[in-house]
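In: Dropping a prediction and its sequence here:
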Amino acid sequence: MSSVIIQGKVPLSGEVHIHGSKNAALPIIAATVLNHGTTALKNCPKILDVLNMIQVLEEMGCRVNWDNTTLVIDARDVTKHEVLEEAAKKTRGSFLFLGAMLGRHQIAKIAYPGGCSIGARKVDIHLRSMEEMGVVFFEDTSLLYADGTGIHGTILNLVFPSVGATENILLAACLAPGRTEIINAALEPEVIALCEFLNQAGAKIQGIRTSHLIIDGVSELHDCEFTIPPDRIVAGTYLAAVAACGGDAVIDGVVKEDLTEVIRILRFMGCDIDINGQRARIQRRGNLIAPKQIVTKPFPGFPTDMQSQFMVVLSQAFGDSVLVEEIFEERFLISEELIRLGAKISVEGKSARIQGKRRFLGNTVRAKDLRGGAALIIAGLVAEGSTIVEDLDYVKRGYVDIVNDLRQLNADIRWLQ
């Protein structure tokens, strides 16, 4: 497993460019299976989760090539309709092939997904919705069999605006006979990107950027070229790093509408953030003020993927704060490692109380999930002395090279292995 060593207490400065979005790329990669041809995805991030999705594509029969940051996928010869346990356990994104395979083959065999250990993340909304579309499921130990020969459009009212379920339904519905309506669909930018990609490839989706999506099934998709948008969570991570460490830096690749709540809270806490196009300049030279409470919510609320990083930011502010996690029940696992560095965090149920103005001292800590690993790196940048963060293969799932990015912001950090 990879590790980094950090010399902390260095204000951040400079400029960093944000790579393509992990959470947009994964469903779009799955969607390429729907096209009996070639798709080019520009600005696709070379991260571990994408590489794992490519492995699934190749096992299905796709030919895949990288041209710099453009991923070219030829799906003409796809014959297999299964994702087995070895591939599925590497990334949760593999479960999106369920909808894609049903769309292409009307049949699928798939293992339950893996990924980070941040809670149950059940797939019941996915399955219940597809059953309403006429899909029949059978279970055998860890494998799920889906018979979609009777798939058809219908009206679906989601009990929760699940991002993954919305995406899987979109993939299954694009080529399904009739009209599918998704009520209470997820509004996340990654869902919007998937809809825009599918429409560019010939799908007929209405209601994009609303919670009511209407999909009229078409007979086929066609070749297209699509640019993956910047990764809003990577951008938010680096904004949080500058806020925690202090400094003056430019983050190139900030879509203001995608990070409205993160930017609002950072400004409230005392950061100056000036946005010109997608270039955001963040300055923090004085003290931070605690926002009292942050609650994670589906978009456009505060993103759960920024919660761990903000634990570090809040620990440096004047006053105590409460973080309430409404999405995943085990997002606070990283608090134990932050406490080893000097944080004072008390967790009770879905809430974590974070004491501000804590002095962090370098130590050896271990990442337990993707965003928690990024938070530990920020904590190491804040801490006095040397900090080693271990098990950072988690972080490689979502950041192309977080060490190189932070070095561009004047951080003293390097890979150990």
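Out: Structure received.

In: Moving C-terminal from the helix or strand containing residue 126, which element do we reach first?
Out: Under the criterion DSSP states H and E, the helix or strand holding residue 126 is helix 124-132. Following helix 124-132 in sequence order, the next helix or strand is strand 136-140 (DSSP H and E).

In: what angle sits between that following strand and helix 124-132?
Out: With axes from the mean of the first three to the mean of the last three Cα atoms, to 10 degrees as the basis, strand 136-140 and helix 124-132 are set at 130 degrees to each other.

In: Show me what strand 136-140 packs onto, helices and strands only.
Out: Secondary-structure packing of strand 136-140 (3 or more Cβ pairs under 8 Å, 6 or more residues apart in numbering; DSSP states H and E): helix 124-132, strand 143-147. To be clear about C-beta, it is placed using only N, CA and C from the backbone, and glycine gets the same treatment.

In: which stretch among these comes nearest residue 344?
Out: Across the helices and strands packed on strand 136-140, the minimum distance to residue 344, taken as Cβ to Cβ, is reached by helix 124-132, at 36.8 Å.

In: How far off centre is that closest one?
Out: Going by Cα atoms, centre = their mean, to the nearest Å, the spacing between the C-alpha centre of helix 124-132 and its chain's C-alpha centre is 22 Å.

In: and that helix, what does it pack onto?
Out: If contacts are counted by 3+ Cβ pairs under 8 Å, 6+ apart, helix 124-132 sits against helix 97-105, strand 136-140, helix 163-173.

In: change it to 6 Å
Out: Packed against helix 124-132, as judged by 3 or more Cβ pairs under 6 Å, 6 or more residues apart in numbering; DSSP states H and E, are the following elements: helix 163-173.

In: Tell me which residues of the very next helix or strand once past the helix it packs on come out buried.
Out: If you walk from helix 163-173 toward the C-terminus, the next helix or strand you reach (DSSP H and E) is strand 179-183. Applying a neighbour-count criterion of 16 or more other Cβ atoms under 10 Å, one finds 179-182 buried in strand 179-183.

In: Go through these and name the one nearest residue 287.
Out: Proximity of these to residue 287, judged by Cβ to Cβ, is greatest for residue 182, which lies at 45.2 Å.

In: which residues are contacting the helix or strand bottoming out on mean pLDDT in the chain?
Out: When the helices and strands of the chain are scored by mean pLDDT, DSSP states H and E, helix 85-88 comes last with a mean of 74. Contacts of helix 85-88 with the rest of the structure, by Cβ atoms under 6 Å, 6 or more residues apart in numbering, involve 56, 94, 111, 113, 142.

In: and the least confident of those?
Out: Looking at pLDDT alone, these dip lowest at residue 113, where the score is 69.

In: about what we covered before: quick one: which of the contacts of helix 85-88 is most hemmed in?
Out: Of all the contacts of helix 85-88, residue 94 has the most neighbours under the rule other Cβ atoms under 10 Å, reaching 27 neighbours.

In: distance of that one from residue 87?
Out: When distances are taken as Cβ to Cβ, to the nearest Å, residue 94 and residue 87 turn out to be 6 Å apart.

In: any shared contact partners between those two?
Out: Common neighbours of residue 94 and residue 87, counting by Cβ under 6 Å, 6+ apart, are residue 56.

In: what's the neighbour count on residue 65?
Out: Residue crowding around residue 65 was assessed by other Cβ under 10 Å; the count is 11.

In: wait, it sits on residue 72?
Out: Yes - Residue 65 is within contact range of residue 72, at 4.8 Å (criterion: Cβ atoms under 6 Å).

In: Mind pulling up the pLDDT for residue 115?
Out: Turning to residue 115, the model gives it a pLDDT of 41.

In: Residues in contact with stretch 186-204: which ones?
Out: 23-24, 27-28, 35, 161, 163, 166-167, 174, 205, 208-209, 211, 216, 218, 221-222, 224, 226, 229, 258, 299.

In: ok, and for that stretch, which residues are buried?
Out: Along stretch 186-204, these residues count as buried under the neighbour rule (16+ other Cβ under 10 Å): 186-199, 201-203.

In: circling back: farthest-separated two in the contacts of helix 85-88?
Out: The most widely separated members of the contacts of helix 85-88 are 56 and 142, with 16.1 Å between them, by Cβ to Cβ.

In: returning to what we had before: show the buried residues in the contacts of stretch 186-204.
Out: Applying 16+ other Cβ under 10 Å to the contacts of stretch 186-204 flags 23-24, 27-28, 35, 161, 163, 166-167, 174, 205, 208, 216, 218, 221, 224, 226, 229, 258, 299 as buried.

In: number of nearby residues for residue 140?
Out: Using other Cβ under 10 Å, residue 140 is surrounded by 8 other residues.

In: What's opposite it in the beta bridge?
Out: According to DSSP bridges, the partner residues bridging residue 140 are residue 143.

In: how far away is it from residue 79?
Out: From residue 140 over to residue 79 the distance is 22 Å, taken as Cβ to Cβ.

In: Likewise for residue 92?
Out: Applying Cβ to Cβ, one obtains 25 Å for the distance of residue 92 from residue 79.

In: If you count surrounding residues, which of these two has more?
Out: Just comparing residue 92 and residue 79: by other Cβ under 10 Å the higher neighbour count belongs to residue 92, 20 against 7.

In: Quick check: phi and psi on that one?
Out: For residue 92, the backbone dihedrals are phi -70, psi -30 (criterion: degrees, to the nearest 10).

In: circling back: tabulate the buried residues of strand 179-183 in CSV, adding columns for pLDDT and distance to residue 304.
Out: Formatted as CSV, the entries for the buried residues of strand 179-183 read as follows, by pLDDT from 0 to 100; distance: Cβ to Cβ, whole Å:
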residue, pLDDT, distance to residue 304
179, 98, 32
180, 98, 27
181, 98, 27
182, 98, 21
